[in-house]
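Visitor: Let's see this in three dimensions:
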Amino acid sequence: MRTWTGTDHLPSEVVGLRLSVSAATVARVENIEDEATAFAALVVQHLSELGENDVEYHQDEFALHSGDVIFNLHNIFHETRELDPVERDARIARYVDAMRNAFGPDQDWASARSALRPVLRPSSFGMDVPEPDMRPVARPAFPFVDEMVAVDMPDARTIVSYATLERWGITADEVFAAARENLGAMAGFTGIKEPGILHFVDDGDGYCASWPLVPGWLAGSGDGVEPAVAFMPDVDTLIIAPSGTELEHIFEMVEEQYRDAVRPISPQGYTVDVGGAVIPLDQSPAHRHLPAVQRARCGLAVTEYDAQAQLLNEIVERDFEFTPYGIEPAYVASVMYVHGDNGPYTMTVWGEGVDYLLPEADYVAFCRNDENGELERLFEVPFPAVADFAGLTPIPDLLPRRYEIREWPDAETLAQLRAAAVSP
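Guide: Numbering: from 1, shown residues only. All right, here's what the predicted structure looks like:
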């Protein structure tokens, strides 16, 4: 773990996959994109030599999925970049062996409990895993950000799945409670009382981006005068700043890092409410109208809904329905970022004659074709009013939330929506 004050941040990486490569080839590649591509293929090759042939590569995660084991490649990739080919091969072999044994028959709940750690991931993380029981155990931590649980091992880290819960014979609540308890004991403090801006970069063992999940930790951090604001742009970074600080430059830095990160979490800032619970900064009245706060909120929503839309479209192209949600094909509507006179907001469209999976945005624009066949924008309505008048209910188990739309509102409902229309 490295700790310092200031605004330094990590470089970005781009990853991919080829079919076959040697450790010597990886060591000779100069471009980091090609290097990461070659590295992923090298791990696949190691697994294949051990008889693990049912391996799926998930490029967005820079991870390999083999059954209910997820091989996250980021840490091992960075740890072995400077090693010579022989050392790198040996290190990868140890990593692969550790991952294969991570959830073997000898690892039960009692042996795994002390190695659990809470981690934050975007809500779309793991959504493309076809089998529901193989998906990561997750619960909402913040809007568009979920809390999951990792098993921390010397040579590898994996995410707990629902299949693992069943094998261990425990509940999700027990896993989350154990992970938070372990992190609190490992950190050994309830907060950091320091003035100014603190910047932590993880070496893979500190789980600093998860510290705000420990009850009371963020409330106990900062200068002791003003509530602290936490930023977790990616899984290896935590920034703490006093809420009275001019935050615009921090938001700019965090947005850039979030946008470039291989494993992003959020561009938002997070603070505490009067009860000490961690909340997004846009929910704090003192910062509700700060443009940078709203920009981060809207940017996160657009990014996560775009990621979800891409995955849903891939699923329906493959299965001809939205498995495992049991929904017939429909248009996966997008969320648009709009910069209005009163600051940024999000917008989605509900058009006549189209089946939708409608996302949850700040406003819904209602559109239909006029008598000349031209698209006509009727009005915009805040989403809560749309959900109320149209009787919308979210699709179960789908996050971020979407709503199945199969019919255009009837005349009475349309009149109620028109009466609730606003000019954002």
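Visitor: switch to C-alpha atoms for all contacts and neighbour counts from now on
Guide: Fine.
Visitor: beta partners for the residue positioned nearest the centre of the chain?
Guide: Per C-alpha atoms, centre = their mean, the C-alpha nearest to the average position across the chain is that of Pro122, at 1.0 Å. For Pro122, the beta-bridge partners are Val145 (DSSP bridges).
Visitor: what sits against it?
Guide: Shown in contact with Pro122 (C-alpha atoms under 8 Å, 6 or more residues apart in numbering): Phe144, Val145, Asp146, Pro264, Ile265, Ser266, Glu304.
Visitor: switch to 10 Å and redo it
Guide: Contact analysis of Pro122 by C-alpha atoms under 10 Å, 6 or more residues apart in numbering lists 140-148, 234, 263-266, 300, 303-304, 307, 399-400.
Visitor: residues of the helix or strand hosting Glu304 that come out buried?
Guide: Using DSSP states H and E, Glu304 maps to helix 291-319. By 16 or more other C-alpha atoms under 10 Å, the buried positions in helix 291-319 come out as 291-309, 311-313, 315-316.
Visitor: which one is Trp168 nearest to, not counting chain neighbours?
Guide: Sequence neighbours aside, Trp109 is the residue nearest to Trp168 in space, at 5.2 Å (criterion: C-alpha to C-alpha, 6 or more residues apart in numbering).
Visitor: could you pull out the helices for the stretch 251-400 of the chain?
Guide: For the stretch 251-400 of the chain, the helices defined by DSSP state H, counting those that start in this stretch occupy 291-319, 383-390.
Visitor: Mean pLDDT added to these, as CSV?
Guide: CSV is the format used below for the helices of the stretch 251-400 of the chain (pLDDT from 0 to 100):
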stretch, mean pLDDT
helix 291-319, 92
helix 383-390, 98
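Visitor: okay, the ones you listed in a markdown table with distance to Glu328 next?
Guide: Formatted as a markdown table, the helices of the stretch 251-400 of the chain follow (distance: least, C-alpha to C-alpha, whole Å):
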| stretch | distance to Glu328 |
| --- | --- |
| helix 291-319 | 9 |
| helix 383-390 | 20 |
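Visitor: Any idea which of those helices gets closest to Arg259?
Guide: helix 291-319 (9.4 Å; C-alpha to C-alpha).
Visitor: who does the closest one touch, helix- and strand-wise?
Guide: strand 116-122, helix 248-260, strand 269-272, strand 331-332, strand 336-340, strand 343-351, strand 356-359 (3 or more C-alpha pairs under 10 Å, 6 or more residues apart in numbering; DSSP states H and E).
Visitor: about what we covered before: out of the contacts of Pro122, which are buried?
Guide: Applying 16+ other C-alpha under 10 Å to the contacts of Pro122 flags 140-148, 234, 263-266, 300, 303-304, 307, 399-400 as buried.
Visitor: and Asp152, how many neighbours?
Guide: Using other C-alpha atoms under 10 Å, Asp152 is surrounded by 19 other residues.
Visitor: ok, it - contacts?
Guide: Ala102, Ala112, Ser114, Ala115, Leu116, Arg117, Pro118, Thr158, Ile159, Gly204, Asp205.
Visitor: where does it fall, phi/psi-wise?
Guide: phi -90, psi 120 (degrees, to the nearest 10).
Visitor: burial count for Ser210?
Guide: Neighbour tally, Ser210, other C-alpha under 10 Å: 20.
Visitor: Could you pull up the residues touching it?
Guide: Going by C-alpha under 10 Å, 6+ apart, Ser210 touches Arg117, Pro118, Val119, Leu120, Glu147, Arg180, Leu183, Met232, Val235, Asp236, Thr237, Leu238.
Visitor: Tell me which two of these sit farthest apart.
Guide: Most distant of these, by C-alpha to C-alpha, are Arg180 and Thr237, 18.3 Å apart.
Visitor: The nearest residue to Phe389 once chain neighbours are set aside: which element?
Guide: Computed as C-alpha to C-alpha, 6+ apart, the closest residue to Phe389 that is not its neighbour in sequence is Thr413, at 6.3 Å. Assessed by DSSP H and E, Thr413 sits inside helix 411-419.
Visitor: could you dump that helix to CSV, C-alpha only?
Guide: C-alpha atoms of helix 411-419 as CSV (Å, rounded to 0.1, in the frame of the first residue of the first chain):
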residue,chain,number,x,y,z
ALA,A,411,-55.7,8.5,-23.4
GLU,A,412,-56.4,9.0,-19.7
THR,A,413,-52.9,8.1,-18.6
LEU,A,414,-51.4,10.3,-21.4
ALA,A,415,-53.5,13.2,-20.2
GLN,A,416,-52.1,12.7,-16.6
LEU,A,417,-48.6,12.6,-17.9
ARG,A,418,-49.1,15.7,-20.0
ALA,A,419,-50.4,17.5,-16.9
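Visitor: which regions of this structure sit below the pLDDT cut-off?
Guide: 1-34, 59-61, 67-70, 72, 74-75, 99-107, 130, 154-156, 188-189 (pLDDT under 70).
Visitor: Residue ranges of each domain in it, please.
Guide: 11-102, 107-188, 192-288, 299-419 (automatic domain parsing).
Visitor: Check the offset of the second one from the chain's centre.
Guide: Here the centre of mass of C-alpha atoms in domain 107-188, compared against the chain's by C-alpha atoms, centre = their mean, to the nearest Å, lies 14 Å away.
Visitor: Then stretch 43-53?
Guide: 28 Å.
Visitor: now stretch 402-409
Guide: Computed by C-alpha atoms, centre = their mean, the chain-centroid distance of stretch 402-409 equals 27 Å.
Visitor: can you list the residues that contact it?
Guide: Counting by C-alpha under 10 Å, 6+ apart, 305, 327-328, 330-333, 350-361, 366, 368, 387, 389-390, 392-396, 414-417 sit against stretch 402-409.
Visitor: Going through those residues, which ones are buried?
Guide: By 16+ other C-alpha under 10 Å, those give 305, 330, 332-333, 350-351, 355-361, 366, 368, 389-390, 394-395, 414, 417 as buried.
Visitor: Check whether Tyr363 really touches Ala421, as I assumed.
Guide: Yes - counting by C-alpha atoms under 10 Å, Tyr363 touches Ala421, with 9.5 Å between them.
Visitor: Name the residues contacting each of those two.
Guide: With C-alpha under 10 Å, 6+ apart as the test, Tyr363 and Ala421 both reach Phe379, Glu380, Val381, Pro382, Ala385, Val386.
Visitor: Identify the farthest-apart pair in those residues.
Guide: Maximum pairwise distance in these, criterion C-alpha to C-alpha, is 12.9 Å, between Phe379 and Ala385.
Visitor: isn't Leu47 right up against Glu56?
Guide: No - the pair Leu47 / Glu56 is not scored as a contact, 11.4 Å apart, by C-alpha under 10 Å.
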